[in-house]
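[1] I would like the atomic coordinates for the input below:
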Amino acid sequence: MEGNIQKVLDTRGALRCVRFESGNVGVVTTKGNTKLVVGPFQQLSFAENGFLRVFNGREFFIDMKNGEIYAHMPEFVHFGDFEIANIGGYLCTRTKKLYEVKAIPAEAWHGKYGLYLSLPYSGEPEEKIKKMMIWTPSRYVVCLLNGDESGVYWKMRMFEDYTLLVMDDKGNYYHVKKSARSRKAVKEHLGQAKNEADRMMIVHTVREIEERMADYLKMESEKAKREAEKEREQQMATLVSAEPFNIGNKWGLRSKGRIVVPPVYRSVKTPVGRYCAMESYPGIWGVIAVDGKVEVEPRYEDVVIHTDGTVDLTVRPGKVITKKLP
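    Sure, this is the predicted structure:
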């Protein structure tokens, strides 16, 4: 306990830089709760970005988030929600357990959807760390997780849905997702790799996650496809009045004065239902839908579309292929 406050040195919001009766300086809340004791220094004041400026014959700075000391006020680099201190050619995290690496900001990689920030790792990790890894990465990378200020994690894998598999320094594995509500990282503990049996169990769990994910992504893809098809059907229904038009020597389609297929073809015939024949080069015909989608690539000498949705494609004189349009 530092005892009573002798003097208030600086204020910032709900915090106060103070000198205690013991001679130490530190930070307290407006309620008098001690947040940080720095030591018996001459001056203490608030700097920007949650740093303290300390003077004791010379000036230095302390990060209030983790207590790290810097000879100079760092510059800061922002990657979405992530903030990294950049000082003397080193990138330094502001996590409770500091991670620093000699690198330039361009070597940090902001993960999709802001779930994580990847940072390079110099050299090789300790053997005890390697032994806890369920496989050896092609290169070692650590990452910060959005909203997690404890430290960095070993980035082991990014899944197809951009969620992560990470490991901490104790061999704990986590599947990391982004919370839809808070937008922060949420960790699901998968197990701890204390030995070979543990690692095999984690591998099995990861494979189960991948299988569930594949099923989910397939379901979502099919759903998106159905919705796209439905939306296209609705759009096609509004284009029944489409008619050919030309600008210069190029033809396209328009409906009620609106261009729906730009004039890029040599010739376009009057639509039959939702399809029409188009000529890309002299004597080379194909089929487009009235919304412009190419249904039959132009490679035929002639095209005849019927009202039942079939089309006769003349490959050469005497050889005609009949097929059903989508």
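[2] what about the residue nearest to residue 87 when sequence neighbours are not counted, how many residues nearby?
    If the residues on either side of it in the chain are set aside, residue 87 comes closest to residue 74, at 4.1 Å by Cβ to Cβ, 6 or more residues apart in numbering. Glycine gets a C-beta too; all of them are placed from N, C-alpha and C. Counted with other Cβ atoms under 10 Å, the neighbours of residue 74 add up to 21.
[3] over to residue 308?
    The tally of other residues near residue 308 (other Cβ under 10 Å) stands at 10.
[4] same thing with residue 35?
    Neighbour count of residue 35, defined by other Cβ under 10 Å: 12.
[5] tell me the contacts of it?
    Residues counted as contacts of residue 35 (Cβ atoms under 8 Å, 6 or more residues apart in numbering) are 15, 26, 27, 28, 29, 64.
[6] give the contact list for the residue nearest to the spatial centre of the chain.
    With distances taken as Cα atoms, centre = their mean, residue 112 lies nearest the centre of the chain, 0.6 Å away. With contact taken as Cβ under 8 Å, 6+ apart, residue 112 is in contact with residue 162.
[7] recalculate using a threshold of 10 Å.
    Each residue near residue 112 by Cβ atoms under 10 Å, 6 or more residues apart in numbering is listed here: 158, 161, 162, 178.
[8] swap in residue 49?
    For residue 49, the contact set (Cβ under 10 Å, 6+ apart) comprises 61, 63, 64, 65, 73, 74, 76, 83, 85, 94.
[9] which of those count as buried?
    Buried residues within those, defined by neighbour count using 16 or more other Cβ atoms under 10 Å: 61, 63, 64, 65, 73, 74, 83, 85, 94.
[10] before we move on, the earlier item: need the contacts of residue 35 in TSV with secondary structure, distance to residue 310 and pLDDT, can you?
    What follows is those, written out as TSV (DSSP: H, G, I helix; E, B strand; the rest coil; distance: Cβ to Cβ, whole Å; pLDDT from 0 to 100):
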residue	secondary structure	distance to residue 310	pLDDT
15	strand	78	96
26	strand	85	94
27	strand	81	96
28	strand	84	95
29	strand	80	94
64	coil	75	94
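[11] would you list those in JSON lines and tack on distance to residue 206?
    Output for the contacts of residue 35, formatted as JSON lines (distance: Cβ to Cβ, whole Å):
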{"residue": "15", "distance to residue 206": "44"}
{"residue": "26", "distance to residue 206": "46"}
{"residue": "27", "distance to residue 206": "43"}
{"residue": "28", "distance to residue 206": "47"}
{"residue": "29", "distance to residue 206": "44"}
{"residue": "64", "distance to residue 206": "38"}
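[12] and those, which of them are buried?
    The neighbour-count test (16+ other Cβ under 10 Å) applied to the contacts of residue 35 identifies 15, 26, 27, 28, 64 as buried.
[13] ok so, going back, let's see if you can find the most crowded of the contacts of residue 112.
    In terms of neighbours by other Cβ under 10 Å, the contacts of residue 112 top out with residue 178 at 22 neighbours.
[14] circling back: name the nearest of the contacts of residue 49 relative to residue 4.
    residue 64 (22.3 Å; Cβ to Cβ).
[15] from residue 55, how far out is the closest one?
    Per Cβ to Cβ, to the nearest Å, residue 64 is found 17 Å from residue 55.
[16] residue 204 too?
    For residue 204, the distance to residue 55 equals 57 Å [Cβ to Cβ].
[17] quick one on the thing from earlier: same list (the contacts of residue 112) but as CSV, adding distance to residue 123.
    Conversion of these to CSV gives the following (distance: Cβ to Cβ, whole Å):
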residue, distance to residue 123
158, 23
161, 32
162, 28
178, 31
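[18] reformat the residues you listed as TSV; add pLDDT and secondary structure.
    Compiled in TSV, the contacts of residue 112 are given as follows (pLDDT from 0 to 100; DSSP: H, G, I helix; E, B strand; the rest coil):
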residue	pLDDT	secondary structure
158	92	strand
161	90	coil
162	91	coil
178	93	strand
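[19] show me what contacts the nearest residue to residue 179 once chain neighbours are set aside?
    Beyond its immediate neighbours in the sequence, the residue positioned closest to residue 179 (Cβ to Cβ, 6+ apart) is residue 186, lying 4.9 Å away. Taking Cβ under 10 Å, 6+ apart as the contact definition, residue 186 lies against 115, 145-148, 163, 174-180.
[20] now, those residues that are in strands?
    Counting by DSSP state E, the part of these found in strands is 145, 174, 175, 176, 177, 178.
[21] ends of stretch 304-324, how far apart?
    Between the start and the finish of stretch 304-324 there is a gap of 12 Å, counting by Cα to Cα, to the nearest Å.
[22] identify the residues contacting it?
    Counting contacts by Cβ under 10 Å, 6+ apart, the residues touching stretch 304-324 from outside are 269-277, 285-287, 295-296, 299-303, 325-326.
[23] pull out the buried residues from that stretch.
    Of the residues in stretch 304-324, those scored as buried under the neighbour-count criterion (16+ other Cβ under 10 Å) are 305, 311, 313.
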